[in-house]
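Engineer: Have a look at this prediction, sequence included:
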There are 2 protein chains.
Amino acid sequence: MIVGGGFGGLRAARALRRAPVEVVLLDRRNHHLFQPLLYQVATAALNPSDIAYPIRRIFRSQKNLKVFLAEVKGFDLERKRVLLEDGEQPYDFLIVASGARESYFGNDAWAKDAPGLKTIEDALEIRRRVLLAYEAAERFEDPARHAAWLTFVVVGAGPTGAELAGALAEISRHTLARDFRRIDPAEARVILVEGVDRVLPTFPPELSAKARCHLEKLGVEVRTGARVTAVDEHGVEVDGERIEARTVLWAAGVSASPLGRALGAPLDRAGRVRVRPDLTIPGHDDVFVIGDLAILEQDGRIVPGVAPAAMQEGHHAARNVENALAGRPLEPFHYVDKGLLATIGRGAAVADLGRLQLSGLIAWLAWLLIHIFYLIGFRNRLLVLVEWAWAYVSWDRGARLITGPPEEPSSSAPPE
Amino acid sequence: MIVGGGFGGLRAARALRRAPVEVVLLDRRNHHLFQPLLYQVATAALNPSDIAYPIRRIFRSQKNLKVFLAEVKGFDLERKRVLLEDGEQPYDFLIVASGARESYFGNDAWAKDAPGLKTIEDALEIRRRVLLAYEAAERFEDPARHAAWLTFVVVGAGPTGAELAGALAEISRHTLARDFRRIDPAEARVILVEGVDRVLPTFPPELSAKARCHLEKLGVEVRTGARVTAVDEHGVEVDGERIEARTVLWAAGVSASPLGRALGAPLDRAGRVRVRPDLTIPGHDDVFVIGDLAILEQDGRIVPGVAPAAMQEGHHAARNVENALAGRPLEPFHYVDKGLLATIGRGAAVADLGRLQLSGLIAWLAWLLIHIFYLIGFRNRLLVLVEWAWAYVSWDRGARLITGPPEEPSSSAPPE
């Protein structure tokens, strides 16, 4: 039984395809989401279905696997049951890969005014807010009212935050440049706020400096060593200074899925499960935790919460299930670091490949190739390539639609 | 001042591009929607942004035009003002093209259990329901519970209803055929219910017969001369006979936008405004009503509520504005009927081109060409072509995502 159809869960399921087992994959979504490109949906460059793919379709030909759409509520590890909203499912081995969501560091009230970016719905909500902000500014003749609508604050300068800020700056300078009459979209301010002293803190300092330089060239105001102390619907407070901004996006903290707590295993402060070296939890040789939900220290460093790590762990958990079935001892997991990549706008990226550090166009081409390569499904790869090629030659973003929940048709009108 | 960015409003705005006027286009959406292909979004073949295009982008180079995102609440025809939710806008000439929505013939309570198909949100809701129905059926071992989940009822066999039913049948027979383990999607029943005695009632009887034959070949159960007498969340009643169906889609009635009533002009039973031959309303030479919101009889026949008619009316209203400005008399509108087209699944369609009647593959190719040609924007045409080509060779539908409003994350779990 595998809980979660992200990178870790998918890889685990695939690695069991020739094992003499029956695999059940549970997810509360019917699709796998290619999260590294989610910011491109939020900034209207890609369509949801370009980066999401039905899980069922992925495993069409894996006959020992069933996919169920279901929300997991908890576990009964003694009776070996996964508890669902409407029933339960027995298991022999359990792999939990339910991932993480954004954390507001205890200020959950900020979520309403500063949405995070973890799901397709999040991305569409951000797209709606960003596009509506320009529409609202255009409606009112008084330039004094434009400023707050045309100020965008991104909190957190990890890869997601840096990519979002870069894309927002590009939208205002290029994509929308000629579409408005009263406002000049290029007057929009994009402010990137980061608590530590540099952007992309998980990268080497030289690459952080290059990324910052790229971002500033795009027009992003970068504020490092700065803390957000308040968020409301009219703006944020950064170290006590008030910034009027109608659009605030949250890319700062990560907190593990609440399913970690339900396992009864030791957790770290972010709610991640402290797994043993073989990826099981203490006292339960038959329960594995992988991906962003797990925390594991190796050679003095923490295995990072990135897609390649989740995939390696998924593969390893599957191998250990086979070991257990064959009566062999479980093996410890060993993470192979393949490097880090982040884009900062059109034609620019930074890559930390261990000894090799790249930046600029060449890093961006590497980023492009790797992301296209890992995107699931030939059709998706082809369409994303067409979208990107078109966007590259035209500066246009195809998915500039403001859509909203059908329950509130009036929400499409800009609020005062 | 033009209210509504559908086919009529867009054409009117475009026709005024060289006129010595300032044009303001108001819509409560930021995008024009290519409604004839909306059923393809509802059945997961196309992405929303393939058939929707930002209005602002369309008019980027038309300098005498402003686009505002705003919800119109009413009109003050004496003071020449359009009343908005948050203010008002003055006008000299007014063109109202706010279209129509579905009508439940007085049974508005049915809307919840039988959604219609008029907006992107409608299409995504239908997609969600259809895909969830298969997921729910797969979850439960008891075959008795599968039947109601795998029964789809489409009410109304006009072009939208016939196209929806055909696409639903294809999904179950081909797209999903190998993706499930417990259920066989091909067991799904698609029932098309129509009140009059034939499908596609606006087409000649011979083409209706051909369309019915095609639909039945695809596996659709066609029930003509049958009335839906009740709808609830577990099924429908057709002429008193109960059909258990968890998914009911509404494509039956059309009722004009409520803005028609706000004009104070005479209406027909569907709420459409009875316009004069020059498309103005009685007593107001400066107020034009066009598209699905208008009703006009010509040579004993009603001008149909189709996109070409709306576009011709939009063009004509713009010409009459220019006539009025130049002191010339307003001219009566004359509708040129270019024919009717409807698809009924892959490689089959019917076309009524006056003297020429086509059906089968050749009509489908005509349909394909015409729709690709009229789709706005080169990028959209290209992407739709790629999507269709891929779907044609692979039987796959790319946009098979179940997404929902972010407020209810648990709604992605199938209800009991």
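Structural biologist: Alright, I've got the coordinates.
Engineer: contacts, neighbours, all on C-alpha from now
Structural biologist: Fine.
Engineer: For residue A:117, which non-adjacent residue is closest in space?
Structural biologist: residue A:123 (5.9 Å; C-alpha to C-alpha, 6 or more residues apart in numbering or on different chains).
Engineer: Where does that neighbour sit, in terms of helix or strand?
Structural biologist: helix A:120-139 (DSSP states H and E).
Engineer: Same check on residue A:254?
Structural biologist: strand A:253-256.
Engineer: That strand - contacts with which helices or strands?
Structural biologist: strand A:100-103 (3 or more C-alpha pairs under 8 Å, 6 or more residues apart in numbering or on different chains; DSSP states H and E).
Engineer: which residues sit against the strand it packs on?
Structural biologist: With C-alpha atoms under 8 Å, 6 or more residues apart in numbering or on different chains as the test, strand A:100-103 has contacts from A:116-118, A:250-257, A:292-293.
Engineer: That one: which residues count as buried?
Structural biologist: A:100, A:101, A:102, A:103 (16 or more other C-alpha atoms under 10 Å in any protein chain shown).
Engineer: CA atoms only for it - export them in PDB, please.
Structural biologist: Extracted in PDB, the C-alpha atoms of strand A:100-103 (Å, rounded to 0.1, in the frame of the first residue of the first chain):
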ATOM      1  CA  ALA A 100       4.500  18.600   2.500                       C
ATOM      2  CA  ARG A 101       2.600  21.800   2.400                       C
ATOM      3  CA  GLU A 102       3.600  25.400   3.100                       C
ATOM      4  CA  SER A 103       4.100  26.500   6.600                       C
END
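Engineer: now it, how far from the centre of its chain.
Structural biologist: How far strand A:100-103 lies from its chain's middle: 9 Å, per C-alpha atoms, centre = their mean, to the nearest Å.
Engineer: Could you pull out the helices in chain A for me?
Structural biologist: In chain A, the segments counted as helices under DSSP state H are A:7-15, A:38-42, A:48-51, A:55-58, A:120-139, A:143-149, A:159-170, A:205-218, A:259-262, A:307-325, A:361-374, A:378-394.
Engineer: Looking at the stretch 251-400 of chain A, what residue ends up closest to chain B?
Structural biologist: As assessed by C-alpha to the nearest C-alpha, chain B sits closest to residue A:399 within the stretch 251-400 of chain A, at 5.2 Å.
Engineer: now that residue, nearest residue through space, not along the chain?
Structural biologist: residue A:44 (4.5 Å).
Engineer: List the contacts of the one you found.
Structural biologist: Contacts for residue A:44 (C-alpha under 8 Å, 6+ apart) come out as A:127, A:397, A:398, A:399, A:400, A:401.
Engineer: The fifth one against residue B:54, yeah?
Structural biologist: Yes. Taking C-alpha atoms under 8 Å as the contact criterion, residue A:400 and residue B:54 are neighbours in contact, 6.3 Å apart.
Engineer: Around the residue nearest to residue A:310 when sequence neighbours are not counted, count how many other residues there are.
Structural biologist: By the measure of C-alpha to C-alpha, 6+ apart, the closest residue to residue A:310 outside its immediate chain neighbours is residue A:291, 4.0 Å from it. Neighbour count of residue A:291, defined by other C-alpha atoms under 10 Å in any protein chain shown: 30.
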